[in-house]
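Student: sequence? don't have it. structure:
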């Protein structure tokens, strides 16, 4: 039985749980690479160009970790979601970079709604490559889809409810593959929670609402994930005490969209750009003074 | 009276000037100052820290134009984040206290007549569409002729017998291009100068070095931002092949993409954004046509090209061809570039002798 490898980076944070449910239902064994650690970062640096963004470097590190542990590696390509919703060009290129850099079997699909390539079509294609019949794939897709829908709804409710609390609330603006990555954003969030601050995530709002709300901050923006982030700022602006921007160095959409947001904001914000040599001690000092400024009390 | 200005890119300010001054006879088109090291200094000062370099160049030029009392700025966009420059630049300029509007003709790498019409109405609500179409046609032809002549110059400038003859003739041609009145006159001027260019004496040895330049579009087309790379190569008597020009971007890109994809399908399956996938196909083409070396240039942090670089590296190692990667930034030193170019040139010579 062939085993599928899923790199725990970039796409995983958007579709990871969905893939897992899908493969579970198809009865295909899979392996997910571990949380990003120093070994994976080093592997990534070795393979990647020095100008690639930290998240892509980590992604290549994860793929390198998986390359001899499975038969297939799942590397999708995401291009756009119609109506001025492009993704970063690294998402376009990831599949071709992996294909040229590694000699492993790849499972891939393409999301390009302008040309009619949807997630459903992509998963049917993958299911066929794994030798499953149409009915099995359909069942698996439906199973994964309903579960994913429930999970997203739950996240939305938790996030929106947090906005009503009376404690100090900070909105974290960033892409999920940075926020929840062990080597990039997780320490920051842990630190905030330790200090008794309610953390609200920009990516856990309903993107149908935030996407159109982003027009209030920027009317020309066409990067989907940045649009969602800016929309989240507009949505929660009145109920939060401060904003922390987290981006990896040198993120292309963030460099412009976040800058525009910062120039238009009227509430306190902190901009953290993280690269492979950033130490948490340096960040801690900045976070501490930001929290002091917000009037938060420190534990130690 | 509105005063229009636009950022520089190569010699294309001449057709742009021609077009704007004819469509909007009631407005003044500002003569844009040439890019200098001061421009990039100003641009860098007010730009976000890790934005790509074209942003800094265009912002610097915009500030210089605004100091000359321009109030309407025109910006074009590409398929990458270039399409999003205009909005942030407008915000930065407004924060600096300038009163201006930035008009972005292209976003996301695509545009249509409806959008352009709407935007041009902002400048002058009574502009004549028929005139715009007519002069638009002449401008397109002018760009095409300029690109054809530039291609010829690039192939021959390294071998001219009287140094400087190509450059002085080209300047003469650009001046007469800017004074044409109708299409017939433009065509006649073009033919006249083309003949003059053919008559310039060149000495082309058979064992000359041939280099292809590929890379990110702004850096490739604006000679100041690549530190006059082409001129330096010409000094070493090298024949240069370059693909990117405005005519290609406007009319050929969409048509050629499928061809390129078929041609190099073993290297990329999907578009990598902006010009990246075109560059991969061109790299393969240059290798197969037996060019001696390839120079890949880009501004620093250009995301699509960064994605293409590992693939270009792979092609070059398959065909055993040398590639030189340049990443230009506002802080790049000219001497550093010269040293690397000279080393590259020496290496090519040595390979040739073998």
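Tutor: All right, it came through fine. Quick caveat: nothing in here was measured; it's all calculated off a predicted structure. Residues are numbered from 1 along each chain as shown, chains lettered A, B, ... in the order given.

Student: same for the strand or helix carrying residue A:150, what does it pack against?
Tutor: Counting by DSSP states H and E, the secondary-structure element that holds residue A:150 is helix A:134-162. For helix A:134-162, the elements it packs on are helix A:12-26, helix A:119-129, strand A:198-201, judged by 3 or more Cβ pairs under 8 Å, 6 or more residues apart in numbering or on different chains; DSSP states H and E. Where you see a C-beta, it was placed from the backbone N, CA and C, and this is true even at glycine.

Student: now the first one and helix A:119-129, what's the angle there?
Tutor: Here the directions of helix A:12-26 and helix A:119-129 differ by 50 degrees (axes from the mean of the first three to the mean of the last three Cα atoms, to 10 degrees).

Student: what's in contact with helix A:12-26?
Tutor: If you take Cβ atoms under 8 Å, 6 or more residues apart in numbering or on different chains as the criterion, helix A:12-26 is touched by A:4, A:6, A:8, A:29-30, A:32, A:74, A:76, A:119, A:123, A:127, A:130, A:132, A:136-137, A:139-141, A:143-145, A:147-148, A:151, A:175-177, A:180.

Student: Repeat that for stretch B:162-178.
Tutor: Residues contacting stretch B:162-178 (Cβ under 8 Å, 6+ apart): B:11, B:14-15, B:17-18, B:142, B:145-146, B:149, B:153, B:156-157, B:160, B:186, B:189, B:193, B:196-197, B:200-201.

Student: Now list the buried members of those.
Tutor: Buried members of those, scored by 16 or more other Cβ atoms under 10 Å in any protein chain shown, are B:11, B:14-15, B:17-18, B:142, B:145-146, B:149, B:153, B:156-157, B:160, B:186, B:189, B:193, B:197, B:200.

Student: If you tally nearby residues, what's the number for residue 263?
Tutor: Looking at chain A here, since you left the chain open. 14 (other Cβ atoms under 10 Å in any protein chain shown).

Student: if you could check chain B rather than the one you did, that'd help
Tutor: Number of residues near residue B:263 (other Cβ under 10 Å) recorded here: 16.

Student: List the residues that contact it.
Tutor: Per Cβ under 8 Å, 6+ apart, neighbours of residue B:263: B:281, B:284-285.

Student: Mind doing that once more with 10 Å?
Tutor: Applying Cβ atoms under 10 Å, 6 or more residues apart in numbering or on different chains, one finds that residue B:263 lies in contact with B:256, B:280-282, B:284-285, B:288.

Student: re earlier: pLDDT averaged over the helix holding residue A:150, what's the number?
Tutor: Helix A:134-162 carries an average pLDDT of 91.

Student: Also stretch A:64-73?
Tutor: Per-residue pLDDT values across stretch A:64-73 average out to 90.

Student: same thing with stretch B:230-239?
Tutor: Across stretch B:230-239, the average pLDDT comes to 88.

Student: residue contacts, residue A:146?
Tutor: residue A:21.

Student: Can you tell me the closest non-neighbouring residue to residue B:132?
Tutor: residue B:23 (4.9 Å; Cβ to Cβ, 6 or more residues apart in numbering or on different chains).

Student: How much space separates the one you found from residue B:73?
Tutor: Look at residue B:23 and residue B:73: by Cβ to Cβ, to the nearest Å, they are 16 Å apart.
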